[in-house]
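Novice: I need the structure of the sequence given here:
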Amino acid sequence: MKALTLGLALLAAPAQAQSADPAGPGPIGAPAGSGFYPAIAEARADAAGYTLYRPATLPNARLPLVLWGNGACRDNGLSASHFLREIASHGYIVVANGAPRRELPVAQEIAPMPTRVPTPAERTPDETSVAQLLAAIDWAERANATPADPLYGRVDSDRIAVMGHSCGGLQALAAGADPRIDTVVAFASGVYERPGSGRSGVTIRKADLARLHTPVAYIIGGPEDIAYPNAIDDFERIDHVPVFLGNLPIGHMGTFWLASGGDWARVGSAWLDWQLKHDSQAGAWFVGEDCRLCTTHGWSVQRKQFPEFP
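Specialist: All right, here's what the predicted structure looks like:
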């Protein structure tokens, strides 16, 4: 099985200058992504507090909806822009928490991970919320029902995923209790054993994992990922829904800022294709004795509660 193309060494990324805030509504950056539908980021006047990612040329079909929570729960919907354009290019409408404020250029190396967790006294309030994340469903349904909107008839709100990184992963896990959600993906994230002891102000406890009602995936960055022990503990506790844990030892910051979002975008896209589009070839990344990630150099995999898969 061909290995995914990612060096496993943790490399410190050089400082990158940030772009200026977008001038106003409209596309941000050129279409990008390796999927069939190169995708754009977009600011919309009717979606204050969000950043939209969608195919630049929308197909004449209803596309599943993906909600995204940013690392550190930041109010910057461009914080994982390369990753999210890649996801959208595979035929998804993505709504990211946060206005489109600043976009980093594509990185050549994996970013360094945080060196320590701030104390509660040092922590600043989260800039986005779980309620905001879920309210994106209502916005997307309004756009889908408005004949003059480019998204008219293009959003399938019967197929919804919620995903996020770090603090945004906690938002995704909390939002996963909503009955409208069909799957959850938490990147470099896991519920704190002692709520309030880490970076996030998201109100979620270990007991709340029992409210999840869909398949869940944790994608983590190895023992040096600060979320590693929390994610492992979550995996061990979840005993009522299918749960997947994929571990690649690259640290907490993952591959979001690499070209096309790196390996984590490829894995995330495959998970969405399996869960929301019922693509059995995509499912072969995750289940079966010789699953693609099971046989990819650097990855380790744990699974529970999945039915038999051919």
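
Novice: any idea how far stretch 253-265 is from the chain center?
Specialist: Taking the mean of its C-alpha atoms, stretch 253-265 sits 11 Å from the chain's own mean (C-alpha atoms, centre = their mean, to the nearest Å).

Novice: Check the separation of the first and last residues in that stretch.
Specialist: Distance across stretch 253-265, first residue to last, is 13 Å (C-alpha to C-alpha, to the nearest Å).

Novice: can you pull the buried residues of it?
Specialist: Within stretch 253-265, the residues scored as buried using 16 or more other C-beta atoms under 10 Å are Met253, Gly254, Thr255, Phe256, Trp257, Leu258, Ser260, Gly261, Gly262, Asp263, Trp264, Ala265. Where C-beta positions appear, they are placed from N, C-alpha and C, glycine not excepted.

Novice: same check, this time on stretch 278-292
Specialist: Taking 16+ other C-beta under 10 Å as the basis for neighbour counts, the residues of stretch 278-292 that come out buried are Ala282, Gly283, Ala284, Trp285, Phe286, Val287, Cys291, Arg292.

Novice: so Ala188 makes contact with Ile220?
Specialist: Yes: in this structure, Ala188 is within contact of Ile220 by C-beta atoms under 8 Å, at 5.7 Å.

Novice: Can you pull the residues that touch both of the two?
Specialist: Residues touching both Ala188 and Ile220 comprise Ala227, Ala231, with contact defined as C-beta atoms under 8 Å, 6 or more residues apart in numbering.

Novice: circling back: now the buried residues of stretch 278-292 as CSV including pLDDT and secondary structure?
Specialist: Conversion of these to CSV gives the following (pLDDT from 0 to 100; DSSP: H, G, I helix; E, B strand; the rest coil):
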residue, pLDDT, secondary structure
Ala282, 97, helix
Gly283, 96, helix
Ala284, 95, coil
Trp285, 96, coil
Phe286, 97, coil
Val287, 94, coil
Cys291, 95, coil
Arg292, 95, coil
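
Novice: now the stretch 201-310 of the chain, which segments are flagged as low pLDDT?
Specialist: With pLDDT under 70 as the threshold, the stretch 201-310 of the chain has low-confidence stretches at 308-310.

Novice: my bad, should have said the stretch 51-200 of the chain
Specialist: Across the stretch 51-200 of the chain, residues meeting the criterion (pLDDT under 70) sit at 109, 111-123, 194-200.

Novice: Break down it into its strands, ranges please.
Specialist: Along the stretch 51-200 of the chain, the stretches classed as strands by DSSP state E, counting those that start in this stretch are 63-69, 93-97, 155-165, 183-187.
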